[in-house]
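Peer 1: Pasting the sequence and the predicted model now:
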Amino acid sequence: MITVSIVEDDKLIREALKDMLNEADGFECIGSYPDCESAIEDLKKKPSVMLMDIELPRMTGIEG
C-alpha cells in the first residue's frame, strides 16, 4: 500500500485528489492539508508520497 498526504489550498482540488487516491487500488490518502504548517504539525503519519502544491499561502510548497 502506498500512503499519500496532500497539501493543497484549494478545497475542491484537495478533496478530489483524496477521493481519487482512496478509490485507486494500492493507494491510501492518510492526510490532506490546506497549508504546509498543518502538514508539518502532522508529520508523524509519515506518508510514502507527499503531493504538494507549490503556490501556497504563507509558506510555499518548496519551503515546506
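Peer 2: Nice, I can see it. Numbering: from 1, shown residues only.
Peer 1: got the buried residues for stretch 30-50?
Peer 2: 30, 31, 32, 33, 34, 35, 36, 39, 47, 50 (16 or more other CB atoms under 10 Å). Any C-beta I mention is one placed from the backbone N, CA and C, and that applies to glycine too.
Peer 1: Mind telling me what element the spatially closest residue to residue 42 that is not a sequence neighbour is part of?
Peer 2: In space, and not counting its chain neighbours, residue 42 is closest to residue 31: 5.9 Å by CB to CB, 6 or more residues apart in numbering. Using DSSP states H and E, residue 31 maps to strand 27-33.
Peer 1: pLDDT on that strand, on average?
Peer 2: On average, the pLDDT along strand 27-33 is 95.
Peer 1: After that strand, which helix or strand is next? Please name it.
Peer 2: Note on strand 27-33: by DSSP H and E, the next helix or strand toward the C-terminus is helix 36-41.
Peer 1: rewinding a little: what's the offset of the strand holding residue 31 from the middle of its chain?
Peer 2: 6 Å (CA atoms, centre = their mean, to the nearest Å).
Peer 1: can you check stretch 49-64 too?
Peer 2: A distance of 9 Å separates the centroid of the chain from that of stretch 49-64, by CA atoms, centre = their mean.
Peer 1: just checking, what packs against the strand holding residue 31?
Peer 2: Here strand 27-33 touches strand 2-7, helix 11-23, going by 3 or more CB pairs under 8 Å, 6 or more residues apart in numbering; DSSP states H and E.
Peer 1: Quick one: closest of these to residue 64.
Peer 2: strand 2-7 (6.8 Å; CB to CB).
Peer 1: on that earlier part again, ok, which of the helices and strands packed on strand 27-33 comes nearest residue 62?
Peer 2: Closest to residue 62 of those, according to CB to CB: strand 2-7, at 11.5 Å.
Peer 1: which residues are contacting that closest one?
Peer 2: 14, 17-18, 21, 26-36, 38-39, 42, 45-53, 56, 61, 64 (CB atoms under 8 Å, 6 or more residues apart in numbering).
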